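Student: Prediction below, plus the sequence it came from.
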Amino acid sequence: MIELKNVSKFFRTKHGKKYILKDMTLTLPSEHNIGILGRNGTGKSTIMRMLGQIEFPDKGLITSPKSFSWPLGLSGGFVGNMTGKANVKFVCRLYGKSEKQIQETINFVKEFSELDDYFDMPIKTYSSGMKSRLSFGLSLSFDFDYLLIDETLSVGDAKFRKKSKKALMKKIETCNVLLVSHDMGTLRDICDVGIVVHNGKIRYFEDINSAIDEYVAINKQ
Amino acid sequence: MIKKRNSFKIFLAVQNALFLRELNMRFSSGRAGMFWTFFEPFFQILVFVLIKLILFSSGQNSFDFAVFLALNFTAYNMFKNIVIKSTASFKANKALFLYKQVKPIDTIIARSMVELFITAIIILIFLTIGFYFNFDMEVKDLTMVTFGFIFLAIFSLAFGLFLAVLNVFVDSISKLINFFMTGLMFSSAVFYSIEHLPLSIQNLLLYNPLAHFLEMIHGSYFYTLDDRYVSYSYITFWTLALLYLGLWFYVKLERRIISL
């Protein structure tokens, strides 16, 4: 369950405040995979980050007893000079894993990401697809209540995409996702409920298909 | 389920991870940087010993000038590095703030710890060389010297935090800081003792808190020097004021720093 109470969020621009959310009160029920829809620039990613509590509203409160992953797909948390392995170790330590668990995670990520020799090379030598493979593999080895996924499923080659989708489908048997995507097929496959972001409001739909219909209608305006 | 951890445990896990990451970055970012870290103090000592030999001939001191320089530059470099690393810390680590448990101030603490660690290694290197070549390194008051280093480290952390918060809004700070540090080196009793200066300059330099710290450290180390110029209340005031201001701004701005 994620509760929003009188939440406002805006960005200051030269043309005054641009609101992403204006005085929004809403409760998102637990045990659902939530798709986040909206046009470019409406603030989907910001809202996802706020729900995951790594960004904060300007007014109001967002509360949840659940644990959230970091936003997947951004390779921002990696250090370019350090090897893939060292970066994996770093994240494991952040979450307080023991040395034994760290070793298990390293083996798993190395196998899953199919990076082979690159796993022991500095991240700066990676392509962006390789980075997201590492990031995705790493996130699978933690047990969060919610995974935050920002368009990652569309990165990587076709083979890896298929593999990661399969892994994700297995993962969501035990956890939930918040997914930002423009790919309606992916949204239908993974999510069962949806929210549509439009004009500073969030609308919640109990069925992902109605959310998609609404999104299509907004696009036609 | 992710285990619920208490906040102190989280803090320790984050510090552990950041510390090792910071060390790894130092070692993996090329040998030149690493070499300079350990060679810089020797270079500084060499330069000032030569200057002294050429300008003032030698031997009027009642203590070994090389040991004096080694002590002072170790303390000054620790201060300089903690402050410079802290100032740039928020911007350099902003990618890490997408992990919820990493707070901006954690990165400053971890970076300072790394500097302390490097300082400890440099002290060990100096001691080894000193014993090997039979330098006169006898300490008058080891407790006070140690206390001086710890006090200076806290002062550096407070100053670094204060500048780091300012640096969020005033971009030029991290560029000016190197220039500022050079000025401080000349005005902080690093390669001289306050008592060897004329009275008018003494009074001027004693406005600089760093000069008090260095006087305190070498005054407690050498039998022939003392801490008569040190005002402990003055440096305590500076430390508390900077810490208070730094933390006050930090608490107000933490969320803005996270979404920098």
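Tutor: Yes, it's here. Numbering: from 1, shown residues only, chains lettered A, B, ... in the order given.

Student: close enough to count as contact, residue A:193 and residue A:204?
Tutor: Yes. Using Cβ atoms under 8 Å, residue A:193 is in contact with residue A:204, at 7.2 Å. To be clear about C-beta, it is placed using only N, CA and C from the backbone, and glycine gets the same treatment.

Student: number of nearby residues for residue 151?
Tutor: Defaulting to chain A. Residue A:151 has 19 neighbouring residues, counting by other Cβ atoms under 10 Å in any protein chain shown.

Student: think we crossed wires, I meant chain B
Tutor: 19.

Student: Shouldn't it be within a helix?
Tutor: Yes. Counting by DSSP: H, G, I helix; E, B strand; the rest coil, residue B:151 is located in a helix.

Student: Residue B:214 versus that one, what's the distance?
Tutor: Using Cβ to Cβ, to the nearest Å, we find residue B:151 at a distance of 12 Å from residue B:214.

Student: re earlier: residue A:193 and residue A:204: who's more crowded?
Tutor: Looking at residue A:193 and residue A:204 with other Cβ under 10 Å, you find the greater number of neighbours at residue A:193, namely 18 against 14.

Student: ok, for that one, nearest residue in space, not its chain neighbours?
Tutor: residue A:32 (4.5 Å; Cβ to Cβ, 6 or more residues apart in numbering or on different chains).

Student: Retrieve the pLDDT associated with the one you found.
Tutor: pLDDT recorded at residue A:32 is 91.

Student: Distance-wise, check it relative to chain B.
Tutor: Distance, residue A:32 to chain B, by Cβ to the nearest Cβ, to the nearest Å: 18 Å.

Student: Let me know the distance separating that residue from residue B:193.
Tutor: 71 Å.

Student: Show me the shaky parts of chain B.
Tutor: Flagging of chain B using pLDDT under 70 yields the residue ranges B:1-3, B:29, B:57-61.

Student: Next to chain A, which bits of it? Give me the list.
Tutor: Where chain B comes near chain A, counting by Cβ under 8 Å from any Cβ of the partner chain, the residues are B:1-3, B:5, B:9-10, B:13-14, B:16-17, B:20-21, B:24-25, B:28-29, B:95-102, B:255, B:258-259.

Student: burial count for residue 23?
Tutor: Using chain A here. 13.

Student: switch to chain B, that's the one I care about
Tutor: Neighbours of residue B:23 using other Cβ under 10 Å come to 15.

Student: and if you look at residue A:194?
Tutor: There are 27 residues near residue A:194, going by other Cβ under 10 Å.

Student: swap in residue A:183?
Tutor: Residue A:183, neighbours per other Cβ under 10 Å, totals 12.

Student: which phi and psi does it have?
Tutor: For residue A:183, the backbone dihedrals are phi -100, psi 110 (criterion: degrees, to the nearest 10).

Student: The stretch 51-200 of chain B: helices as residue ranges?
Tutor: With helices called from DSSP state H, counting those that start in this stretch, the stretch 51-200 of chain B shows them at B:65-87, B:89-92, B:104-132, B:142-169, B:173-186, B:199-205.

Student: Need the winner for burial among those.
Tutor: Highest mean neighbour count among the helices of the stretch 51-200 of chain B (mean count of other Cβ atoms under 10 Å in any protein chain shown): helix B:65-87, with a mean of 23.

Student: Can you name every helix or strand that that one contacts?
Tutor: Helix B:65-87 is packed against helix B:31-56, helix B:104-132, helix B:142-169, helix B:173-186, helix B:209-221, with contacts defined by 3 or more Cβ pairs under 8 Å, 6 or more residues apart in numbering or on different chains; DSSP states H and E.

Student: could you dump the helices of the stretch 51-200 of chain B to CSV with distance to residue A:87?
Tutor: Formatted as CSV, the helices of the stretch 51-200 of chain B follow (distance: least, Cβ to Cβ, whole Å):
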stretch, distance to residue A:87
helix B:65-87, 21
helix B:89-92, 16
helix B:104-132, 16
helix B:142-169, 24
helix B:173-186, 25
helix B:199-205, 47
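
Student: what sits against residue B:159?
Tutor: By Cβ atoms under 8 Å, 6 or more residues apart in numbering or on different chains, residue B:159 lies in contact with B:83, B:242, B:246.

Student: Would you mark the buried spots in the helix or strand hosting the last one?
Tutor: Yep, that's residue B:246 we're talking about. According to DSSP states H and E, residue B:246 maps onto helix B:232-258. The neighbour-count check on helix B:232-258 (16 or more other Cβ atoms under 10 Å in any protein chain shown) flags B:235, B:238-239, B:242-243, B:246, B:249-250, B:253, B:257-258 as buried.

Student: How many residues are close by residue A:69?
Tutor: The local packing of residue A:69 (other Cβ under 10 Å) involves 24 other residues.

Student: Now the spatially most central residue of chain B. Nearest residue, chain neighbours left out?
Tutor: Residue closest to the mean C-alpha point of chain B, counted by Cα atoms, centre = their mean, is residue B:79 at 1.5 Å. Spatial nearest neighbour of residue B:79, chain neighbours left out: residue B:156 (4.7 Å); criterion: Cβ to Cβ, 6+ apart.

Student: Residue A:70 now?
Tutor: Distances taken as Cβ to Cβ, 6+ apart put residue B:98 closest to residue A:70, at 4.9 Å, once the chain neighbours are dropped.

Student: Against residue A:72, how distant is the one you found?
Tutor: 10 Å.

Student: One more: residue A:160?
Tutor: Taking Cβ to Cβ, one finds residue A:160 at 14 Å from residue A:72.

Student: Settle it for me: which of the two has more neighbours?
Tutor: Shown here are residue A:160 and residue A:72; by other Cβ under 10 Å, residue A:72 has more neighbours (22 against 18).

Student: If the more buried one is in a bridge, with which residues?
Tutor: Beta bridges link residue A:72 to residue A:149 when assigned by DSSP bridges.

Student: Flag every residue of chain A that's near chain B.
Tutor: Residues of chain A lying near chain B (Cβ under 8 Å from any Cβ): A:49, A:52-56, A:67-68, A:70-71, A:74, A:76-79, A:81-83, A:86, A:89-91, A:93-96, A:122, A:142-145.

Student: returning to what we had before: tell me which of the helices of the stretch 51-200 of chain B approaches residue A:174 most closely.
Tutor: helix B:104-132 (30.0 Å; Cβ to Cβ).
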